[in-house]
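>>> dropping the sequence and predicted coords here.
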Amino acid sequence: MKYFSEETRKKMSDAAKRRCNATWRKQQSEARATKIDTELVRNMYNAGMSQTEIAKVLGTTQKVIHKHMKNHNIPTRPASKRNQFGTKNHMWKDKSASIKAFHKRVEKRFGKAKDYGCSICGKTDEDAWYDWANLSGNYYDINDYAPMCRSCHRKYDVGRKNGGNNLPCAYDVLKRIADFVESEENAEFKTD
Ligand SMILES: [Zn+2]
């Protein structure tokens, strides 16, 4: 039989008492749960991506996405058998084309990202590349974008994938965009 000292036994007993607390258990389960951006999942799913494809993007499994959607009442459609070669590629092309189209819409509305400079690091260097980075996965919403240099854009996307929240950095520029929208509120926005 294993021998524990008086001190160790007391520590074990205290730890066990802590585990009996509902708040402690909830905290532990939340800490272990994969952090998933519900709106991002919803948008990707509504854009036609499968749970497996979403899982790949978020670095998790289909099972986790399935459970997350169920817990957040995201309506699912029946799983469809897909041709791994033709249909799948075709669908992926449609999706990336529509995401590109959303970025184009943003550019049409607000101008080039380059004109604003980077909303994260403040870079305005003429030679750098700038993108309209989508902030929270609402690709359909032209206000869900901020101008970023290529390097900050990559870091932002990685941070978002890991559940990080980089939004506060972009608030300053978002405010400028909001002001711009207000000043042009009567200008009709046309899609192509
Ligand atoms: Zn930057």
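Received, thanks. Numbers count the residues shown, from 1 in each chain.

>>> contacts and neighbour counts: CA atoms only from here.
Will do.

>>> and the residue lying closest to Tyr116 once chain neighbours are set aside, which of the three is it?
In this structure, Tyr116 finds its nearest non-sequential neighbour in Pro147, 6.6 Å apart by Cα to Cα, 6 or more residues apart in numbering. Following DSSP: H, G, I helix; E, B strand; the rest coil, we place Pro147 in the strand state.

>>> what residues are bridge-paired with Pro147?
Counting by DSSP bridges, Pro147 is bridged to Trp132.

>>> that one against Glu107, yeah?
No - assessed by Cα atoms under 8 Å, Pro147 is found out of contact with Glu107, at 9.9 Å.

>>> put the alpha carbons of the helix or strand Glu39 falls within into CSV.
Per DSSP states H and E: Glu39 is located in helix 38-46. Output of helix 38-46 as CSV, limited to C-alpha atoms (Å, rounded to 0.1, in the frame of the first residue of the first chain):
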residue,chain,number,x,y,z
THR,A,38,-19.6,30.4,-33.3
GLU,A,39,-20.3,33.1,-35.8
LEU,A,40,-17.4,32.0,-37.9
VAL,A,41,-18.7,28.4,-37.9
ARG,A,42,-22.2,29.7,-38.8
ASN,A,43,-21.0,31.8,-41.7
MET,A,44,-18.8,29.1,-43.1
TYR,A,45,-21.6,26.5,-42.8
ASN,A,46,-24.1,28.9,-44.5
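
>>> and the pLDDT at Gly163?
Looking at Gly163, its pLDDT stands at 65.

>>> much appreciated, bye for now.
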